[in-house]
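Colleague: Sequence isn't available, so here's the structure alone:
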């Protein structure tokens, strides 16, 4: 960052602070003004309430005075006039206190109250005039009644006059129209009687004044009612209610406003607190960064004198802070940088305010160390240079880490062996050296047999440990000068050093095979492993690394197809085999979906009676492109690609469906045998797969027999024992196929829950000419009988073989003597034709 950009940054920070202060001041001013406005409105509302309360009192006083005048208690209207004028004055005050922004309901109620006071003016004036008339009539009536009091009147008239006097005396004419109407009529009827003129005149005046009162009093009482129970009082109560509602609304608004203002002030305070906290935190963090940074930090003044040094500087340089204070960074110079180097550094600092680069410095103990240094100049607000800050990192550990990274780039992380990159380099060096001296070198491609089954059944952790054990064994049987690399997965490559000839390669290959002879102990498990080796020789088989690798890989696959646990030199004919392998691999994946794969069924019979006991399901491939492909060609391809698992699952389900169909038709009552591959057996879901096949087909479990090889069982005895136990719980039969040709072990055999031993056809084929094969068959039959197992001989082709097997006690057999493998349709037709005994029993010579 340049000096000018740093100044712009400082100016921006100052402007931001000024803006924040202005915003805070404005917010506080608005808050004070709003609070003053709320206080003023509250005072106005309180004054209006006080005036309304006075008006209520005036209303009640005016009503009381009206009743007093009506009852004759007060002779004049001065008080009523004063009360009314007071009402008008206070109404005017309320109108002045009200504002246009008041609630419409309040203003409407105020207008209604003012209207009732205008109407009250009329009622008061009429009440005053009618009171005067009524009082004059009452006085005249009283005088007339007094004159008639002792006059000789007829009794009805005298009684009527007396009652009228009493009524006026006690009721004051309040209900004169209703209560005295009949009395007036009685006096009026007395006028027609013979009376002296004076009485007649008095009686006529009495009747006239009574009539006048009857006319005036109802209107008088109406005005009394309008003043004693005035509409203005109702309007005033309504006005007070609207004022109360308005005040409640105002108070709610005030509360909300105050809450918002309070929240705003709190937010402002929180923001200011945040700024202060952030400033303190940044200051503290800056200090912590300085103290805890793994990079060394030096702060000097403008004259490059050290004023601060952090702990990392002390740890890297070996100097304490006290030792360097007041010194210049020159105490660290190693003398390895030229004067021109420092001149360029200071020139960059003066021009740009920043320099960074790598240099070599010296610790206090004299040790040299590389460091990456960054120096920045610091200026005060006025733009004057005040300090330099230097931050440096010790590159010693980085250099070591780079070496480790380089090693990781060229070595396998699991085994520590050279990886593909280093292998290529070593191989190309060996090829170049052989080319210079006219010699030979070779590539030996080593691949573990059935390693995928280990990973699938025991997990990758066990697989990784096994690879490490294999690495140690291979190292133990090779020379230190040889290059052994891990190519990937379970593949290793060996580049022998100073090749002495092909015999040496053969010896090395045999030595590698021998080192796999002993089982590998994986914790509580014992694993038997083998490998296949392909060998390509320079320059005979190729002149480049890639060419030799491709040919060694081809030779390795030929070793696998030869039965594994073997080695092969590359031969030109293998290229054709490799191409065929690739073509088979491609076509095989399409064959299952296109219906080219089918099952053939070979009968299994009772050797003593020739009766059909079951059949073995055998997979066949009739390719549209290649024609009939024998199993020994496509099964290894399926196994190497992993496609055998899908094929095996299909075969199991297909065989179960076929046999269940024949069983329901009453054509087949025997057992169907289905072969399992090593990959199938290694899968943990095999028992569930078998159970689903039985459920989908409906085949009883006791009608299914699964065939396994000895090598599959010996790979992981513990795992195999558990899997066999789960399968037995399903109720299926288990058979060991090709028994005697693999890892035959009585100890293992006793642990396995199997039902049948199938004698490998290699022993049956030559038993007539090979006494060893005959002895092996007798031993297998005896062993099976001892363990309670049945035996089935495979590959029975001649009557002579059949008769010998009968004599040894072998129970079952299968082979061409009893029937070739037949497609499902042909086998079903054969069953419909009766399935007659294929080898009728004959006399069995006594064993001897």
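Modeller: Received the coordinates, thanks. Values in this document were obtained by computation on a predicted structure and should not be read as measured data.
Colleague: which residues touch residue 648?
Modeller: By CB atoms under 8 Å, 6 or more residues apart in numbering, residue 648 lies in contact with 675, 676, 677, 679, 680. From N, CA and C alone the C-beta is placed, and that goes for glycine too.
Colleague: Could you find the closest non-adjacent residue to the last one?
Modeller: Excluding its sequence neighbours, the residue lying closest to residue 680 (CB to CB, 6 or more residues apart in numbering) is residue 648, at 4.5 Å.
Colleague: how far away is the one you found from residue 800?
Modeller: Remark: distance between residue 648 and residue 800 (CB to CB, to the nearest Å) = 35 Å.
Colleague: what's the answer for residue 76, then?
Modeller: With CB to CB as the criterion, residue 76 and residue 800 are 163 Å apart.
Colleague: What of residue 657?
Modeller: Remark: distance between residue 657 and residue 800 (CB to CB) = 38 Å.
Colleague: These two - which one has more neighbours?
Modeller: The neighbour count for residue 657 versus residue 800, taken as other CB atoms under 10 Å, is higher for residue 657 (16 against 10).
Colleague: hang on, isn't that one packed against residue 697?
Modeller: Yes. The pair formed by residue 657 and residue 697 meets the contact definition of CB atoms under 8 Å, at 4.7 Å.
Colleague: Quick one: the helices in the stretch 301-450 of the chain, in order.
Modeller: 311-317, 321-324, 339-352, 396-410, 420-437 (DSSP state H, counting those that start in this stretch).
Colleague: okay, these, which one's buried deepest?
Modeller: helix 311-317 (a mean of 19; mean count of other CB atoms under 10 Å).
Colleague: could you say what helices and strands that one packs with?
Modeller: Identification of packing neighbours for helix 311-317 by 3 or more CB pairs under 8 Å, 6 or more residues apart in numbering; DSSP states H and E yields strand 296-301, helix 321-324, strand 385-394.
Colleague: what pLDDT, on average, does it get?
Modeller: Regarding helix 311-317, the rounded mean pLDDT is 90.
Colleague: Quick one: residues in contact with that helix.
Modeller: 291-298, 319-321, 324, 332, 361, 363-364, 369, 371, 392, 394.
Colleague: Pull the contacting residues for residue 790.
Modeller: Residue 790 sits next to 755, 756, 757, 784, 811, 812 when contact means CB under 8 Å, 6+ apart.
Colleague: what does residue 626 give?
Modeller: So residue 626 contacts 583, 584, 587 (CB under 8 Å, 6+ apart).
Colleague: pLDDT value on it, please?
Modeller: Residue 626 is assigned 87 on the pLDDT scale.
Colleague: And for residue 20?
Modeller: The pLDDT attached to residue 20 in the predicted structure is 66.
Colleague: do the same with residue 688
Modeller: We have a pLDDT of 95 for residue 688.
Colleague: Kindly report the same for residue 695.
Modeller: Residue 695 is assigned 96 on the pLDDT scale.
Colleague: by contact count, what packs against the helix or strand containing it?
Modeller: Taking DSSP states H and E as the definition, residue 695 sits inside helix 686-697. Contacting helix 686-697 under the criterion 3+ CB pairs under 8 Å, 6+ apart are the following elements: helix 644-664, strand 704-709, helix 717-730.
Colleague: let's see it at 6 Å
Modeller: Under the contact criterion of 3 or more CB pairs under 6 Å, 6 or more residues apart in numbering; DSSP states H and E, helix 686-697 touches helix 644-664, helix 717-730.
Colleague: May I see the buried residues of that helix?
Modeller: 686, 687, 689, 690, 691, 693, 694, 697 (16 or more other CB atoms under 10 Å).
Colleague: any idea how far it is from the chain center?
Modeller: The chain centroid and the centroid of helix 686-697 are separated by 36 Å under CA atoms, centre = their mean, to the nearest Å.
Colleague: do the same with stretch 356-371
Modeller: Offset of stretch 356-371 from its chain centre (CA atoms, centre = their mean): 50 Å.
Colleague: End to end on that stretch, go ahead and measure it.
Modeller: 11 Å (CA to CA, to the nearest Å).
Colleague: per-residue confidence averaged over it?
Modeller: Averaged across stretch 356-371, the pLDDT comes to 90.
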